[in-house]
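# From the sequence below, what's the structure:
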Amino acid sequence: MSAALLLGVLPAGRMPEVIRLARDLLPSTYGVEAYARTFAPHPDWALVLADLGVCAGVGVVSLAVATRAYRRAAVR
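Next up, the predicted model:
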């Protein structure tokens with residue numbers, strides 16, 4: 001599946017429901033939507049910050065999981 005479908009390049013309204021749900025699970029979608037919202041005439045900064053918060057949260061969780069996996073692998 002093309003990344004363009006899932007990263008917010010194509011409008012979500014034109015996608016099948018299953019693809020739209022998969023798109024909403026990807027943290028990169030939130031980053032692209034936050035970036036796109038900043039170009040609006042009057043951006044809703046609360047939504048931009050919420051989208052960036054999702055990206056930051058996924059980053060923190062990913063870093064924690066990677067750190068734990070590395071520590072477990074280093075002990076063995």
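
# Now do the helix of greatest length in the chain, average pLDDT.
The residue-count maximum for a helix in the chain (DSSP state H) belongs to helix 45-75. Averaged across helix 45-75, the pLDDT comes to 95.

# Surely residue 34 touches residue 56?
No - if you go by Cβ atoms under 8 Å, residue 34 and residue 56 don't touch, sitting 10.8 Å apart. Any C-beta I mention is one placed from the backbone N, CA and C, and that applies to glycine too.

# Name the residue in these two with the higher neighbour count.
A count of neighbours by other Cβ atoms under 10 Å puts residue 34 above the other of residue 34 and residue 56, at 21 against 14.

# Roughly how far does the more buried one sit from residue 66?
To residue 66, residue 34 is 24 Å away according to Cβ to Cβ, to the nearest Å.

# Buried residues, the longest helix of the chain. List them.
Buried residues in helix 45-75, counted by 16 or more other Cβ atoms under 10 Å: 48, 51, 54, 55.

# Ok, stretch 11-20 next?
In stretch 11-20, counting by 16+ other Cβ under 10 Å, buried: nothing.

# and it, how far out from the chain's middle?
Stretch 11-20 sits 16 Å away from the centroid of its parent chain (Cα atoms, centre = their mean, to the nearest Å).

# Spatially central, which residue of this protein would that be?
The centroid of the chain falls nearest to residue 27 when counting by Cα atoms, centre = their mean (1.6 Å).

# Run through the residues that contact that residue.
Going by Cβ atoms under 8 Å, 6 or more residues apart in numbering, residue 27 touches 54, 55, 58, 59.

# Pull stretch 27-38 out as CSV, backbone CA atoms only.
Presented in CSV, the C-alpha positions along stretch 27-38 are these (Å, rounded to 0.1, in the frame of the first residue of the first chain):
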residue,chain,number,x,y,z
PRO,A,27,1.4,8.3,14.2
SER,A,28,2.9,9.9,11.1
THR,A,29,-0.7,10.8,10.0
TYR,A,30,-1.0,13.0,13.1
GLY,A,31,2.2,14.8,12.2
VAL,A,32,1.2,15.4,8.6
GLU,A,33,-2.2,16.7,9.8
ALA,A,34,-0.6,19.0,12.4
TYR,A,35,1.7,20.4,9.7
ALA,A,36,-1.2,20.9,7.2
ARG,A,37,-3.4,22.6,9.9
THR,A,38,-0.7,25.3,10.4
